[in-house]
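Visitor: I would like to see how this sequence folds:
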Amino acid sequence: MDSKQRCSWVTDDPIYIEYHDKEWGRPVYDDRKLFEMLCLEGAQAGLSWITILRRRENYQEAFNSFQVEKISQYDASDVERLVKNEGIIRNRRKIESVIKNAKAVLQIREHYGTFSAYIWKFVDGKPIINQWKDDEEVPNQSEQSIAMSKDLKKRGFSFVGPVICYAFMQATGMVNDHTSDCFLHNHQK
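Guide: Just a heads-up that it's a prediction; the model follows:
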């Protein structure tokens, strides 16, 4: 491991280092990428994030690179195919939620134009830059993630509780929760 100071949750696992250094906390506006991260955060529920990161390429392959148009057309045979896929978490409810959420994204696009325009409204279109000294200060949900969760559920999404939404906001740079001692704390893409 190099000598850079990182957030304390980062282990010496190269996958974690790469994810932290290149993705986590950097603003994402691409609909496909936002949908992917929301799905992966939902898949992570009850598991460790590294478990999902290690299967990420399998998820991308299994779910057509998270193209909502294709996933929204999945049927019962696709669910059965995915339940048998050893490369992903084979939880039927989590798999079905990806399909359900893809259909809900299409509805959002009809009203907002893009999923990005909709999702970023929860932080008024710009990242919230927090000033945490250490990981113990970092909350697992916020006023914004509670509002996002409530609205997503109202629109038919599942596996989008306030904690999952907050992790999603951290992952996609809607919230910058790099601690003040992390070399990326003041970094903006």
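Visitor: List the buried residues for the longest helix anywhere in the chain?
Guide: Scanning the chain for the longest helix, with DSSP state H as the assignment, gives helix 92-112. Residues of helix 92-112 classed as buried by neighbour count (16 or more other C-beta atoms under 10 Å): 94-102, 104-105, 108-109. To be clear about C-beta, it is placed using only N, CA and C from the backbone, and glycine gets the same treatment.
Visitor: ok, now stretch 171-186?
Guide: Within stretch 171-186, the residues that qualify as buried by neighbour count (16+ other C-beta under 10 Å) are Ala171, Thr172, Gly173, Met174, Val175, Asn176, Asp177, His178, Thr179, Cys182, Leu184, His185.
Visitor: Check the buried residues of helix 92-112 against Lys154 and report the nearest one.
Guide: Proximity of the buried residues of helix 92-112 to Lys154 (C-beta to C-beta) peaks at Ala104, which lies at 10.0 Å.
Visitor: Assign a three-state SS to the residue of the chain most remote from its centre, would you?
Guide: Summary for the chain: using C-alpha atoms, centre = their mean, the residue whose C-alpha lies farthest from the chain's mean C-alpha position is Ser3, with a distance of 27.8 Å. Three-state secondary structure (criterion: DSSP: H, G, I helix; E, B strand; the rest coil) places Ser3 in coil.
Visitor: residues contacting the most centrally placed residue in the chain?
Guide: For the chain, Met37 is the residue whose C-alpha lies nearest the centre (C-alpha atoms, centre = their mean; 2.9 Å). Taking C-beta atoms under 8 Å, 6 or more residues apart in numbering as the definition of contact, the neighbours of Met37 are Val28, Phe168, Ala171, Thr172.
Visitor: Please convert these to TSV, extending it with pLDDT.
Guide: Listed next are the contacts of Met37 as TSV, based on pLDDT from 0 to 100:
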residue	pLDDT
Val28	97
Phe168	97
Ala171	96
Thr172	97
